[in-house]
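Q: dropping the sequence and predicted coords here.
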Amino acid sequence: MIASGQPFPQFSLANQDGKTVKLGDFAGKWLVVYFYPKDDTPGCTIQGKSFTATKADFDAAGIRVVGVSQDDVASHKSFCTKFGFTIDLLADTNKELLTACGIGQSEFKGNKYWDRTSFVVDGSGVVRKVYEKVNPQGHEATLLADIKQLQG
């Protein structure tokens with residue numbers, strides 16, 4: 001698992017609209033990269049709705065938010081459309097970023113799922129804080145408060 005103080009891995013992944021998003025797109029800005037198990041599942045829906053509801057607060061603080069899962073672009077598009085998400089969801093279908101970040105997997109009812117994990121990345125691309133096995137309820141408020149403290 002990537003730790004605080006390490007550079008966040010470079011990435012180039014398609015969002016829900018098929019547009020390529022890269023780490024360099026966020027240079028000079030704070031970034032939350034949250035990994036979630038699967039589109040259109042209860043906890044993942046809570047998280048997406050919460051980040052969408054607080055997007056203006058994150059924008060005002062100069063923080064961008066992207067979600068990442070192994071689901072494909074079409075799945076992300078459907079998920080965003082269904083719930084009106086205004087954040088980017090990135091498709092890591094080849095598990096390149098999931099693996100580079102060292103995201104763990106847990107088993108539930110005989111299936112393996114990626115662990116819900118969030119990274120706070122500063123404007124120079126360095127990880128400032130890591131949250132493992134995240135509870136999606138209220139996580140966005142915790143992130144916002146913690147990042148504002150890190151920003152000074």
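A: Everything's here; your move.
Q: can you pull out the helices in the protein?
A: Listed in chain order, the helices of the chain (DSSP state H) span 42-53, 55-60, 73-83, 96-101, 139-151.
Q: residue closest to the middle of this protein?
A: residue 34 (2.1 Å; CA atoms, centre = their mean).
Q: so that one sits against residue 63, correct?
A: No - with contact defined as CB atoms under 8 Å, residue 34 does not reach residue 63; the gap is 12.0 Å. All C-beta atoms are positioned from the backbone trio N, CA, C, and that covers glycine.
Q: excluding its backbone neighbours, what's nearest residue 71?
A: Nearest non-adjacent residue to residue 71, counting by CB to CB, 6 or more residues apart in numbering: residue 39, 4.5 Å away.
Q: okay, that neighbour: pLDDT?
A: Predicted confidence (pLDDT) for residue 39: 97.
Q: please apply the same query to residue 111.
A: With respect to pLDDT, residue 111 has a value of 85.
Q: partners of it in the sheet?
A: As for beta bridges, residue 111 partners with residue 108 under DSSP bridges.
Q: show me what counts as buried in stretch 114-125.
A: 114-122, 125 (16 or more other CB atoms under 10 Å).
Q: repeat that for stretch 5-20.
A: Across stretch 5-20, burial judged by 16+ other CB under 10 Å covers 8-9, 11, 13-16.
Q: first-to-last residue distance for it?
A: Distance across stretch 5-20, first residue to last, is 26 Å (CA to CA, to the nearest Å).
Q: and it, what's its mean pLDDT?
A: Stretch 5-20 comes out at a mean pLDDT of 98.
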